[in-house]
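Asker: only the shape, not the letters, is given here:
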């Protein structure tokens with residue numbers, strides 16, 4: 001793929017999109033970021049890095065067709081966490097309509113690992129509905145399915161400092177997880193040769209420590225003792241999150257990690273311990 005036409009990144013100021021943007025820039029691609037507010041501090045920081053900004057809104061679809069015009073491809077994700085799973089499907093519809101109208105050459109859509117496995121987790125199912133809608137089009141695309149992100153641990157930093165890592169699943173069950181850095185590098189790999197991956201659905205995980213192992217590693221980095229404490233997912237107020245942790249504690253993701261890492265060695269797959277050594281220090 002030519003580096004002269006930009007790659008569009010939706011969600012460039014967020015965790016996933018930001019990681020993809022970083023990796024694309026590192027790989028020498030020109031990047032066009034879709035932002036809601038071109039004069040925000042986050043947007044200004046992107047512009048300072050040489051990123052082209054375009055204003056668009058995934059909820060309404062306004063500006064997306066223009067954003068997708070004259071580009072080499074796009075990375076996009078939808079989210080249910082602002083307005084619910086119904087809104088996520090609506091975002092997917094807006095995304096597909098804009099991609100069709102602009103004749104987008106290639107789309108990498110970020111779903112979630114195991115979304116195609118009939119999990120019963122609401123936001124897995126809504127993402128899979130977007131996948132089904134996309135499959136019914138002629139848009140050349142690849143689906144990536146991230147597992148649980150390492151960064152989710154950072155939401156409990158106060159508990160970690162107090163020596164506790166609460167988690168709503170069995171402490172001895174492996175939890176397949178993904179480094180955002182690895183997601184970015186993986187997506188950049190796809191854009192180097194889109195034709196090689198068009199039509200594929202690829203679930204992603206970097207490592208699979210148990211919560212007990214996660215707590216041990218976190219404690220080693222922090223220089224303290226951290227204990228993993230399991231609790232019943234039914235205690236989670238969100239039915240969606242409760243269903244997700246029931247799934248993780250029962251079936252769990254099913255990424256063939258050795259095969260994935262053999263196929264894509266250039267990603268450099270970051271272990272949980274490597275990530276923790278960077279993320280928990282400072």
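Answerer: On my side now, so go ahead. The structure displayed is predicted, hence computed values, not measured ones.

Asker: what segments of the protein are helices?
Answerer: Taking DSSP state H as the criterion, the chain carries its helices at 15-26, 41-48, 64-67, 85-101, 122-135, 157-161, 180-192, 211-222, 239-250, 257-263, 272-279.

Asker: list of residues touching the second one?
Answerer: Helix 41-48 is touched from outside by 12, 13, 21, 33, 35, 37, 53, with contacts defined as C-beta atoms under 8 Å, 6 or more residues apart in numbering. All C-beta spots, glycine's among them, are computed from the backbone N, C-alpha and C.

Asker: once you drop chain neighbours, what's closest to the second one?
Answerer: Spelled out, that is residue 13. For residue 13, ignoring the flanking residues on the chain, the nearest one in space by C-beta to C-beta, 6 or more residues apart in numbering is residue 42 at 4.2 Å.

Asker: count the neighbours of the one you found for me.
Answerer: Number of residues near residue 42 (other C-beta atoms under 10 Å) recorded here: 13.

Asker: look up how far residue 230 lies from residue 150.
Answerer: Distance, residue 150 to residue 230, by C-beta to C-beta, to the nearest Å: 19 Å.

Asker: out of those two, which sits in the more crowded spot?
Answerer: Taking other C-beta under 10 Å, residue 150 and residue 230 do not tie; residue 150 has more neighbours (24 against 17).

Asker: mind checking pLDDT for the residue lying closest to the more buried one once chain neighbours are set aside?
Answerer: Nearest residue to residue 150 in three dimensions, chain neighbours excluded: residue 275, at 4.7 Å (C-beta to C-beta, 6+ apart). Looking at residue 275, its pLDDT stands at 98.

Asker: next, count neighbours for residue 275.
Answerer: By other C-beta under 10 Å, 24 other residues sit near residue 275.

Asker: how about residue 265?
Answerer: 8.

Asker: now do residue 216
Answerer: 18.

Asker: surely it meets residue 226?
Answerer: Yes. Counting by C-beta atoms under 8 Å, residue 226 is a contact partner of residue 216 at 7.3 Å.

Asker: off-centre distance for stretch 27-47?
Answerer: Centroid displacement of stretch 27-47 relative to its chain, using C-alpha atoms, centre = their mean, to the nearest Å, is 18 Å.

Asker: ok so, going back, let me see the contact set for the residue nearest to residue 150.
Answerer: Applying C-beta under 8 Å, 6+ apart, we find residue 275 in contact with 150, 179, 181, 206.

Asker: now the last one. Its backbone dihedrals?
Answerer: Translated: residue 206. As for residue 206, its main-chain torsions (degrees, to the nearest 10) stand at phi -100, psi -30.

Asker: what number of residues lie near it?
Answerer: Counted with other C-beta under 10 Å, the neighbours of residue 206 add up to 29.

Asker: which ones are touching it?
Answerer: 150, 177, 178, 179, 182, 257, 269, 270, 271, 272, 275.

Asker: got it, and the third one?
Answerer: Under the criterion of C-beta under 8 Å, 6+ apart, the contact partners of residue 181 comprise 19, 22, 23, 270, 275.
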